[in-house]
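Q: The following block contains a protein sequence and its predicted model.
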Amino acid sequence: MNKTILRAALVVAAAASASVAVRAADTSGAGATFPYPIYAKWADAYKKETGNGLNYQSIGSGGGIKQIKARTVVFGATDAPLKPEELQKDELVQWPMVMGGIVPVINLDGVSPGDLALDGATLAKIFMGTVKTWDDAAIKALNPNAKLPSSAIAVVHRSDGSGTTFNFTNYLAKVSPDWKSNVGENTAVEWPVGIGAKGNEGVANNVANTKGSIGYVEYAYAKQNKLTYTKMKNHDGKVVSPTSPAFQAAAANADWTNAPGFYQILTDQPGAESWPITAATFILMPKQPKDPAAAKEALKFFDWAFTKGGKMAEELDYISMPENVVSLIKKEWADDIHDATGKPLM
């Protein structure tokens, strides 16, 4: 998948040619860019197997939440889960679809993926603008053998409402009291420094084209764009690389059974192997969809993804939801998503 495709909105239509219009039967969704690569891969495989398409607009979690609340799409997607009271207010159902890691990415000459390590406190100082150059003492202390340039650090952050930003700033707020009190956590924050870019795609592209830069993206974007990621010192003080086992180690601590509305944040999890900025991405659907037939088709796609999409997710370094959690999700579908007569759609 090249950068041009990543920068475009995902449209898996009813025919191979891009000139063919999306059929009414295709499922429409919009939201998070974090899961875009795996949704694209799933949609392509599902289309080939069933003939049914997926029209997913990768516009950011904020946009996805707005569109599903307005009922302009069949489903919304967000990496910033809605709290149970908000789900109830808007008569929405929420569930986690897949998990993955958010990674700092840098553009430094002579530095390869994993050469540099950062910790949460230093990362917060970089994004607050108090660590300004690559040879700052805080970075040197973590990388005593690295040859660090004295050049300025160019910070790249999200400009749109973003679940990736929510999880990134949630992590920084947990590890840095200064960040918590001065910037905070949300899908959009008042960034102290840096330039904004839209979507994981935009941040990846800006970092790739800006020397001396640092940004944060979902790991699949770092991998596909061949970006240089950093290692991170985790909650237990261990330096870890962003890998599937590290994401899985963090995800293993999630207690989905006792999470109302599946509301769960996976940042800064304990464990020697845990990647510190791990996150789940979520689907939002109305309890009583405006178009029950379209909603049922969407649920069929998600059911297929849970059943057959695990290997594809692993290939992109996402983590599939555990079997017991998938069972809980399917029970939620049956209990909470109905047509106007009260009949379950699945």
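A: Received the coordinates, thanks. Residues are numbered from 1 along each chain as shown.
Q: Pull the distance from the longest strand along the chain to the chain's centre.
A: Scanning the chain for the strand with the most residues, using DSSP state E, yields strand 92-106. The chain centre lies 3 Å from the centre of strand 92-106; the measure is CA atoms, centre = their mean, to the nearest Å.
Q: For K41, the count of nearby residues, please.
A: Using other CB atoms under 10 Å, K41 is surrounded by 20 other residues. Placement of C-beta: from N, CA and C, glycine included.
Q: what does D236 give?
A: 13.
Q: likewise L328?
A: 17.
Q: and if you look at I319?
A: By other CB under 10 Å, the burial measure for I319, its neighbour count, is 24.
Q: which residues touch it?
A: The neighbours of I319, taking CB atoms under 8 Å, 6 or more residues apart in numbering as the test, are V98, M99, G100, S244, F247, Q248, A251, A313.
Q: Among those residues, which one sits closest to G342?
A: Distance to G342, by CB to CB, is smallest for V98 among these, at 30.3 Å.
Q: any idea how far Y318 is from that closest one?
A: 5 Å (CB to CB, to the nearest Å).
Q: quick one, which of those two is more surrounded?
A: Neighbours of V98 and Y318, each counted by other CB under 10 Å, are more numerous for Y318; the result is 26 against 23.
Q: Surely the more buried one is in contact with K41?
A: No: the criterion here is CB atoms under 8 Å, and Y318 misses it with K41 at 9.7 Å.
Q: quick one: the helices in the stretch 201-346 of the chain?
A: 219-224, 244-251, 292-308, 310-315, 323-336 (DSSP state H, counting those that start in this stretch).
Q: Run through the strands of the protein in chain order.
A: Counting by DSSP E, the strands of the chain are 11-12, 27-31, 54-58, 75-78, 92-106, 117-118, 154-158, 195-197, 213-218, 228-229, 231-233, 239-240, 278-286.
Q: right, and these - which one's nearest E323?
A: Comparing the strands of the chain by CB to CB, strand 92-106 comes nearest, at 13.4 Å.
Q: Taking their axis directions, the closest one and helix 323-336 sit at what angle?
A: On the basis of axes from the mean of the first three to the mean of the last three CA atoms, to 10 degrees, strand 92-106 is oriented at 140 degrees to helix 323-336.
Q: which regions of the chain lie under the pLDDT threshold?
A: 1-25 (pLDDT under 70).
Q: how's it carved up into domains?
A: The chain breaks down by automatic domain parsing into domains covering 3-101+280-336, 102-252.
Q: Let me have those in a markdown table, adding distance to A259 as columns.
A: As requested, the domains of the chain are arranged in a markdown table below (distance: least, CB to CB, whole Å):
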| stretch | distance to A259 |
| --- | --- |
| domain 3-101+280-336 | 9 |
| domain 102-252 | 13 |
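Q: show me what contacts K296?
A: Applying CB under 8 Å, 6+ apart, the residues contacting K296 are L345, M346.
Q: Now do it against A32, distance only.
A: Following CB to CB, the distance that separates K296 from A32 is 22 Å.
Q: list the residues that contact both of V98 and Y318?
A: Common neighbours of V98 and Y318 (CB under 8 Å, 6+ apart) are P35, I38.
Q: For T267, which of the domains of the chain is the nearest?
A: domain 102-252 (4.0 Å).
Q: measure the closest one end to end?
A: End-to-end span of domain 102-252 (CA to CA, to the nearest Å): 17 Å.
Q: Distance from it to the middle of the chain?
A: 15 Å.
Q: again, but for stretch 290-304
A: On CA atoms, centre = their mean, the centre of stretch 290-304 falls 22 Å from the chain's centre.
Q: No more questions from me, cheers.
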